[in-house]
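> any chance you could fold what I've pasted below:
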Amino acid sequence: MAEVLRYTAFSDDPHGGNPAGVVLDATGMSPEEMLATAAAVGYSETAFLVPRDDDGRTFDVRYFAPESEVAFCGHATVASGVALAERLGAGPLTFHTPAGEIAVDTAARDGRLWATLTSVEPQVVSAEDSLVDDVLAVLGWSRDDLDPSYPLSLANAGVWHLVLVARTRERLAQLSYDQPRLADLMRAADLTTLQLVWPDHYGTFQSRNPFPVGGVFEDPATGAAAAALGAYLAHHGLVAPDASFSIEQGVDMGRPSLIQVALSDDSPRVRVSGKAVAL
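I've put the predicted structure just below:
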């Protein structure tokens, strides 16, 4: 079995963030071996890297949850970036993923290594009423639980997410659902997670992310969904074209995470930044 490193991303505290497995050299591993390894690790995702060049800064990358492959995973990208920076030194990296090419910049800030990924070109489309109603029913939410100033949309900055903005923090705090039923709905709609958020009016979004399609009830930090939220907010003109904001996730799980999101007025691609620490 390949050596699996274990990092938690979007935190510098081993008790926070979202744990990810990282295989720095998965050369020769089959998809079946990657899936079996991810299942044995048991984290929401494990990243498998295959070096493309001699200096070790360009990689083919695949991401596996315990039950399936996903095209892109933000927290495992941040974990992999920090793991590589610890070994190669800070600087730029390039990840070729099933979702497309992802630039990853690593740098030291205040004695900690940070990784910043730049998403693929995002997409935002309206969500069908039937999908929204079916998802709300499984969550035990109603339309009255949603903030009507936020359009109902699907957003993709690597993989697809349904964005639902809660009217209150109390609604977001109460998360209970039938995992197989929601997984079936999400697979049929090609959704990776639900991006459930509440804007706290201090420039920060509180977030929760059900991930039943990967065999995980909830993610404590989701970089791909953070990028999708940035694309969603920009698309609907809900933030400035060059806005920066934070997402706090995992709080209700007891694994607090901090995700930094930055937009640019000269590119639709979204930048997502965070720390990571070895477990």
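> give the rounded mean pLDDT of stretch 241-257.
For stretch 241-257, mean pLDDT is 97.
> which residues are contacting that stretch?
Stretch 241-257 is touched from outside by 9-11, 13, 15-18, 172-173, 175, 197, 203-209, 218-222, 226, 229-230, 233-234, 239, 258-265, 274, with contacts defined as CB atoms under 8 Å, 6 or more residues apart in numbering. (Each C-beta comes from the backbone N, C-alpha and C, glycine too.)
> how about it: buried residues?
243, 245, 247, 248, 249, 250, 251, 252, 253, 255, 256, 257 (16 or more other CB atoms under 10 Å).
> and residue 78, what are its phi and psi?
phi -60, psi -40 (degrees, to the nearest 10).
> that one touches residue 105, doesn't it?
No: in this structure, residue 78 is not within contact of residue 105 by CB atoms under 8 Å, at 11.0 Å.
> quick revisit: with secondary structure and distance to residue 141 added, can I get the buried residues of stretch 241-257 in CSV?
Output for the buried residues of stretch 241-257, formatted as CSV (DSSP: H, G, I helix; E, B strand; the rest coil; distance: CB to CB, whole Å):
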residue, secondary structure, distance to residue 141
243, coil, 27
245, strand, 24
247, strand, 20
248, strand, 20
249, strand, 18
250, coil, 20
251, helix, 19
252, helix, 15
253, helix, 19
255, coil, 23
256, coil, 24
257, strand, 23
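> format the residues you listed as JSON lines; extra columns: distance to residue 86.
Putting the buried residues of stretch 241-257 into JSON lines (distance: CB to CB, whole Å) gives the following:
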{"residue": "243", "distance to residue 86": "31"}
{"residue": "245", "distance to residue 86": "28"}
{"residue": "247", "distance to residue 86": "25"}
{"residue": "248", "distance to residue 86": "26"}
{"residue": "249", "distance to residue 86": "24"}
{"residue": "250", "distance to residue 86": "23"}
{"residue": "251", "distance to residue 86": "27"}
{"residue": "252", "distance to residue 86": "30"}
{"residue": "253", "distance to residue 86": "26"}
{"residue": "255", "distance to residue 86": "22"}
{"residue": "256", "distance to residue 86": "23"}
{"residue": "257", "distance to residue 86": "20"}
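> on that earlier part again, the contacts of stretch 241-257 in strands, which ones?
9, 18, 197, 204-209, 218-219, 258-264, 274 (DSSP state E).
> and residue 78 and residue 105? Which one has more around it.
residue 78 (33 against 17; other CB atoms under 10 Å).
> enumerate every residue touching the more buried one.
Contacts of residue 78 by CB under 8 Å, 6+ apart are 9, 10, 115, 117, 223, 272, 273, 274, 275, 276.
> mind redoing it with 6 Å?
9, 115, 223, 274, 276 (CB atoms under 6 Å, 6 or more residues apart in numbering).
> of the residues you listed, closest to residue 73?
Nearest to residue 73 out of the contacts of residue 78 is residue 223 (CB to CB; 7.2 Å).
> for that closest one, which non-adjacent residue is spatially closest?
Closest residue in space to residue 223, ignoring its immediate chain neighbours: residue 74 at 1.7 Å, by CB to CB, 6 or more residues apart in numbering.
> that neighbour and residue 47, how far apart?
Note on residue 74: its distance to residue 47, by CB to CB, to the nearest Å, is 11 Å.
> mind checking how far the residue of the chain positioned farthest from its centre is from residue 63?
Checked against the mean C-alpha position of the chain, the extreme residue using CA atoms, centre = their mean is residue 54, at a distance of 29.0 Å. Distance from residue 54 to residue 63, counting by CB to CB: 24 Å.
> what of residue 233?
Taken as CB to CB, the span from residue 233 to residue 63 is 25 Å.
> the more surrounded of the two?
Set side by side, residue 233 and residue 63 show more neighbours around residue 63, with 31 against 25, by other CB under 10 Å.
> isn't the more buried one up against residue 48?
No: counting by CB atoms under 6 Å, residue 63 does not reach residue 48; the two are 7.5 Å apart.
> any idea of the pLDDT on residue 1?
Residue 1 is given a pLDDT of 66.
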